[in-house]
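> sharing a model that was predicted from the sequence below.
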Amino acid sequence: MRTKLIYGLGFAAIVSSGLAAQTQVVYPPQFEKIEASGSSSSYSYGSPFYATSSASYRSYRYMQVMDLDSKIKGKISGLAYRRDGMRNAGAMVTNLQTELELSLSTSKNGSSALSKTFASNIGADAVTVVAKKKLNIAAIPFLGTSPEPFFVRIPFDSGKQFSYDGSKGSLLLDMRVYDNNMYDATTRTYRYLDLDMASIATYGSSVSYGDGCSYDFYARPMSYYGSVSVDSAKGNLRLYGSANYGIPGQPLVWVSTVNGMNKVGAKLPTGCTLYLDLSKLMAMNVAIANSRGYARWPTTGYIEFPYNKDYAGLNIDSQALSLNVASGQLYSSNFHRAVVPYWEANKKLATARVYKAGTTAQTDTDGYGPYVGNSQVMTMTLK
């Protein structure tokens with residue numbers, strides 16, 4: 001196995017200290033520049049774009065409290081979310097509509113003390129920054145960057161803003177969603193807009209691109225699967241890979257790169273496509289395919305090395321290559337990307353949420369929760 005040192009990323013929480021110019025506060029700050037490991041599909045409520053065929057359950061209320069840096073101070077005048085870069089990747093999402101109301105306040109109930117009773121969490125300084133209305137979003141593009149930009153904007157009503165002082169308590173977001181058009185009852189089809197969801201996790205998200213290539217007209221295309229995770233007991237980052245439908249009895253080569261996707265890809269003589277930029281090679285490992293053309297790397301356990309927070313958000317890009325030794329022909333699998341998760345031992349993000357869905361969602365005083373440690377990645381405009 002050949003391994004290169006993975007480089008680090010810098011983290012910086014953007015804070016304001018009463019500056020006149022606008023600035024952007026990203027929350028959670030750990031994910032300002034990195035893709036998070038979850039998506040809003042995994043945590044249905046908390047997104048204004050929850051896709052369900054049930055008209056009743058498209059109506060819900062949720063609160064989220066965020067323990068922001070005590071130094072943050074200013075007037076919040078806008079909010080935007082980041083589209084998830086892994087789920088439903090590639091497609092432009094168009095003609096979205098959601099009907100909602102949004103209020104902000106300073107809550108004395110931080111992430112460790114959020115009440116399931118909605119009214120108990122609301123601060124005395126509550127301001128409705130978006131009165132009940134239908135918001136139309138023309139299009140949310142997918143750029144293929146890691147992470148995606150904050151394109152999912154929730155504009156505040158004209159002249160509305162919320163004065164916040166982090167030294168006086170946690171920021172409470174109180175959103176009531178009444179309906180959206182994510183489901184079309186006539187065609188029975190769904191729209192999907194997955195928002196990037198952050199947590200301190202041991203597993204990273206993953207996605208595959210392209211098709212594997214078959215060495216035999218009658219065989220299935222070779223498929224690759226890989227994972228990136230953290231062994232929390234050892235504090236090690238673990239890499240794993242496996243492939244199916246390679247040439248039985250012949251070498252199967254696992255090739256892995258860091259941020260090494262070639263979107264166009266290079267054509268091999270066999271007609272297969274190599275999507276990896278090999279100048280960013282991180283590791284290679286060779287195994288012999290069994291009688292079914294299957295192999296895993298390494299053959300026992302995982303490839304492991306000490307985890308470092310600077311690795312979080314890196315893309316581990318991999319493919320499997322099947323080599324016919326006699327002819328020298330090389331065949332490739334699909335391209336696979338796994339994102340290194342952000343992890344800290346025995347910690348959760350300082351945020352919590354409580355929600356209620358259904359016909360009584362907007363009037364019921366109690367919700368379900370609180371659920372601690374998950375937050376959509378958002379940016380707030382601060383003056």
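Nice, thanks for sending it over.
> can you get me a residue count around Asp184?
The tally of other residues near Asp184 (other Cβ atoms under 10 Å) stands at 11. In short, each C-beta sits where N, CA and C put it, glycine included.
> ok, it - contacts?
Asp184 makes contact with 190-191, according to Cβ atoms under 8 Å, 6 or more residues apart in numbering.
> got phi/psi on it?
Per-residue torsions, Asp184: phi -100, psi 110 (degrees, to the nearest 10).
> looking at strand pairing, list the partners for it.
Counting by DSSP bridges, Asp184 is bridged to Thr189.
> and the gap between it and Tyr192?
From Asp184 over to Tyr192 the distance is 12 Å, taken as Cβ to Cβ, to the nearest Å.
> what do you get for Tyr60?
According to Cβ to Cβ, Tyr60 stands 17 Å off from Tyr192.
> more neighbours, the two?
Neighbour count, other Cβ under 10 Å: between Tyr60 and Tyr192, Tyr60 has more, with 24 against 15.
> flag every buried residue along stretch 289-308.
Residues of stretch 289-308 classed as buried: 289, 293, 295-298, 302-304, 307 (neighbour count, 16 or more other Cβ atoms under 10 Å).
> actually stretch 149-169, not the one I wrote
Quick answer for stretch 149-169 (16+ other Cβ under 10 Å): 150-152, 154, 156, 160-162, 164, 166, 169.
> same question for stretch 36-46.
By 16+ other Cβ under 10 Å, the buried positions in stretch 36-46 come out as 36-41, 43, 45-46.
> could you do stretch 224-232 as well?
Under the neighbour-count criterion of 16+ other Cβ under 10 Å, stretch 224-232 has 224-230 buried.
> which residues are contacting stretch 113-132?
Counting contacts by Cβ under 8 Å, 6+ apart, the residues outside stretch 113-132 that touch it are 61, 63, 65, 76, 99-109, 154-157, 160-163, 169, 172, 174, 176, 178, 352-354, 356, 364-370, 372.
> which of those residues fall in helices?
Secondary structure from DSSP state H places none of the contacts of stretch 113-132 in helices.
> of those, which belong to strands?
Among those, DSSP state E puts 61, 63, 65, 76, 99-107, 154-155, 162-163, 172, 174, 176, 178, 352-354, 356, 368-370, 372 in strands.
> show the buried residues in the contacts of stretch 113-132.
Buried members of the contacts of stretch 113-132, counted by 16+ other Cβ under 10 Å: 61, 63, 65, 76, 99-107, 109, 154, 156, 160-162, 169, 172, 174, 176, 178, 352-354, 356, 367, 369-370, 372.
> what's the burial count for Met66?
By the criterion of other Cβ under 10 Å, Met66 has 22 neighbours.
> isn't it right up against Ser111?
Yes: counting by Cβ atoms under 8 Å, Met66 touches Ser111, with 7.4 Å between them.
> overlap in contacts of those two?
Common neighbours of Met66 and Ser111 (Cβ under 8 Å, 6+ apart) are 170, 350-351.
> including pLDDT, distance to Trp254 and neighbour count, could those residues go into CSV?
CSV is the format used below for the shared contacts of Met66 and Ser111 (pLDDT from 0 to 100; distance: Cβ to Cβ, whole Å; neighbours: other Cβ atoms under 10 Å):
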residue, pLDDT, distance to Trp254, neighbour count
Ser170, 98, 45, 26
Ala350, 96, 38, 18
Thr351, 97, 37, 27
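> tell me where the stretch 1-150 of the chain has helices.
Applying DSSP state H, counting those that start in this stretch to the stretch 1-150 of the chain gives helices spanning 118-121.
> where in it is pLDDT low?
Along the stretch 1-150 of the chain, the parts satisfying pLDDT under 70 run over 1-20, 42-44, 89-90.
> and the strands in it?
All strands of the stretch 1-150 of the chain, identified by DSSP state E, counting those that start in this stretch, fall at 23-27, 38-39, 60-66, 73-81, 93-107, 127-140.
> alpha carbons of the third one, in PDB - could you do that?
Going back to what we said before, that points to strand 60-66. Output in PDB follows, covering the C-alpha atoms of strand 60-66 (Å, rounded to 0.1, in the frame of the first residue of the first chain):
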ATOM      1  CA  TYR A  60     -45.400  21.400  10.800                       C
ATOM      2  CA  ARG A  61     -43.600  23.600  13.300                       C
ATOM      3  CA  TYR A  62     -40.100  23.300  14.400                       C
ATOM      4  CA  MET A  63     -37.800  25.200  16.700                       C
ATOM      5  CA  GLN A  64     -34.000  25.100  16.600                       C
ATOM      6  CA  VAL A  65     -31.800  26.700  19.300                       C
ATOM      7  CA  MET A  66     -28.200  27.500  18.500                       C
END
